[in-house]
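*Asks:* the following comprises the amino acid sequence and a computationally predicted model.
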Amino acid sequence: MSRRQARRDFLARLAAGVSAGVAAGAAIAPDASGAQTAPSGVPRRKFGRHPDMVSALGIGGHHVGNCATVQDAIALVHEAVDNGITFCDNAWEYNDHRSEEWLGAALRGGWRDRVFLMTKVCTHGRDASVAMQMLEESLRRLGTDHLDLWQIHAVVYDNDPDLAYRKNGVIEALDRAKREGKVRYVGFSGHKDPRIHKRMIDLGYAWDSVQFPINAFDAQFRSFQQIVLPEAVKRGIAVLGMKPFQGRGDPFHHADVKLTPQQALRYAMSVPGVTVTITGMESLDVLRQNLAIAKSFVPMTAGELQQTVAAVAPHAGDGRFEIYKTSLAFDDIVTRQMHEQPLLGAEA
């Protein structure tokens, strides 16, 4: 099949998905399909097959650690939560643990009970004992006795599914953490290749969530939206979209890309099946811009979704703006941690 024909087929499926609504409880509009509009105005959506309702906009944990000071990070998180954002993303290794520490500082004094708290475990192939040690460290930094969601971070290499599913692999730690009441739900994340995500799902574990890029560029190159999202929705797995603004590819400063940040975020939030769109917000200005989009959110129609995809089509087919798929630029932290962290409990 030619790339042009594949894109036409995808656009047809996209239109059909919008027309039919969203399956498995991951609604995109404040109507009978399952989404709710909170008093704050930020939509809330059902967390996959589970009853929890979470904000359709999530705050990216990495950028919390990029704030100028811990006081700035606290102010950012508090304003986000006061305005209806309940979903908090993070990871054990973000900013050498500063992101978890600063988010934890923001959640003291009763704020923890107002959010759906997620962090990620960064074993990168090591065994379950390392994962459990990381969990204890994350809980301490975040100042809580449990997570709402614990995900495997950066599933980006071809053998990551085999390492996760092996005896004494990280999945055993996920199950143990749930049994011990330290974690409510579990999932995995990554940005490299949708085929790896698809295999993680196909191997049969009962994932509660999966995180991957959702944007108009992804729709046309090594597409998570085409390959992974339908399978996740079918199984009732909550879909956490990330990279609505592309990351380091920076298409918004490219003269030929006619796409505004407002259009980009609205597109990502409108894709049928997406539960949460997670985006980095390291300043109050960016937070307020995104809150304005979320509070006035109306899902794109099928025609608007197609037009957005078509608008970036001339620049999306080769992955030039998705370097997290095509280079090692977003894998450097994974590689560094693999060499710097002790192989505690690793099998010989």
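*Replies:* Received it, and whenever you're ready, just let me know what you need.
*Asks:* contacts, neighbours, all on C-alpha from now
*Replies:* Will do.
*Asks:* now the helices for the stretch 51-200 of the chain?
*Replies:* All helices of the stretch 51-200 of the chain, identified by DSSP state H, counting those that start in this stretch, fall at 61-64, 70-82, 98-106, 128-142, 160-165, 170-179, 194-202.
*Asks:* now tell me what touches the fourth one from outside.
*Replies:* Under the contact criterion Cα atoms under 8 Å, 6 or more residues apart in numbering, helix 128-142 has outside partners 92, 100-105, 107, 119, 121-123, 145-147, 168-173, 177, 343-346.
*Asks:* write a PyMOL command that selects only the buried members of those.
*Replies:* In PyMOL syntax, the buried subset of these is picked out as below (16 or more other Cα atoms under 10 Å):
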select buried, resi 92+100+101+102+103+104+105+107+119+121+122+123+146+147+168+169+170+171+172+173+177
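*Asks:* save the helices of the stretch 51-200 of the chain as JSON lines, and put in mean pLDDT and distance to Asp256 too.
*Replies:* Output for the helices of the stretch 51-200 of the chain, formatted as JSON lines (pLDDT from 0 to 100; distance: least, Cα to Cα, whole Å):
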{"stretch": "helix 61-64", "mean pLDDT": "97", "distance to Asp256": "28"}
{"stretch": "helix 70-82", "mean pLDDT": "98", "distance to Asp256": "33"}
{"stretch": "helix 98-106", "mean pLDDT": "98", "distance to Asp256": "35"}
{"stretch": "helix 128-142", "mean pLDDT": "98", "distance to Asp256": "43"}
{"stretch": "helix 160-165", "mean pLDDT": "98", "distance to Asp256": "37"}
{"stretch": "helix 170-179", "mean pLDDT": "98", "distance to Asp256": "44"}
{"stretch": "helix 194-202", "mean pLDDT": "98", "distance to Asp256": "27"}
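*Asks:* distance to Gly280 added to those helices, as CSV?
*Replies:* Formatted as CSV, the helices of the stretch 51-200 of the chain follow (distance: least, Cα to Cα, whole Å):
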stretch, distance to Gly280
helix 61-64, 5
helix 70-82, 11
helix 98-106, 12
helix 128-142, 18
helix 160-165, 26
helix 170-179, 26
helix 194-202, 22
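*Asks:* so which of these comes closest to Gly48?
*Replies:* Proximity to Gly48 (Cα to Cα) singles out helix 194-202 among the helices of the stretch 51-200 of the chain, at 14.5 Å.
*Asks:* contact partners of that closest one?
*Replies:* 155-158, 160-161, 190, 207, 222-224, 227-228, 231-232.
*Asks:* helix or strand right after that helix?
*Replies:* Going down the chain from helix 194-202, the next helix or strand is strand 209-213, by DSSP states H and E.
*Asks:* packing partners of that next one?
*Replies:* In this structure, strand 209-213 packs against strand 183-189, helix 224-227, strand 238-242, with contacts taken as 3 or more Cα pairs under 8 Å, 6 or more residues apart in numbering; DSSP states H and E.
*Asks:* ok, which of the ones you listed comes nearest Asp82?
*Replies:* Using Cα to Cα, the nearest of the helices and strands packed on strand 209-213 to Asp82 is strand 238-242, at 21.6 Å.
*Asks:* can you give me the buried ones in that closest one?
*Replies:* Neighbour counts over strand 238-242 (16+ other Cα under 10 Å) mark Ala238, Val239, Leu240, Gly241, Met242 as buried.
*Asks:* stretch 281-289 now?
*Replies:* Here stretch 281-289 shows Met281, Glu282, Ser283, Leu284, Leu287, Arg288 as buried, counting by 16+ other Cα under 10 Å.
*Asks:* which ones among the residues you listed map onto helices?
*Replies:* Counting by DSSP state H, these place Leu284, Leu287, Arg288 in helices.
*Asks:* give the contact list for the spatially closest residue to the first one that is not a sequence neighbour.
*Replies:* The shortest distance from Leu284 to any residue that is not its chain neighbour, by Cα to Cα, 6 or more residues apart in numbering, is 6.1 Å, and that residue is Leu76. With contacts taken as Cα under 8 Å, 6+ apart, Leu76 has the following neighbours: Val64, Glu282, Ser283, Leu284, Leu287.
*Asks:* and which of these is nearest Asp113?
*Replies:* Nearest member of these to Asp113, counting by Cα to Cα, is Val64, at 18.7 Å.
*Asks:* could you measure from that closest one over to Ile237?
*Replies:* Distance of Val64 to Ile237, computed by Cα to Cα, to the nearest Å: 26 Å.
*Asks:* check Phe221 too.
*Replies:* Counting by Cα to Cα - Phe221 and Ile237 are separated by 23 Å.
*Asks:* who has more neighbours, those two?
*Replies:* Using other Cα atoms under 10 Å, the more surrounded residue of Phe221 and Ile237 is Ile237, with 28 against 21.
*Asks:* Val276 belongs to a strand?
*Replies:* Yes. Membership of Val276 in a strand is supported by DSSP: H, G, I helix; E, B strand; the rest coil.
*Asks:* that one and Gly60 touch, don't they?
*Replies:* No. In this structure Val276 lies outside contact range of Gly60 using Cα atoms under 8 Å: 11.1 Å.
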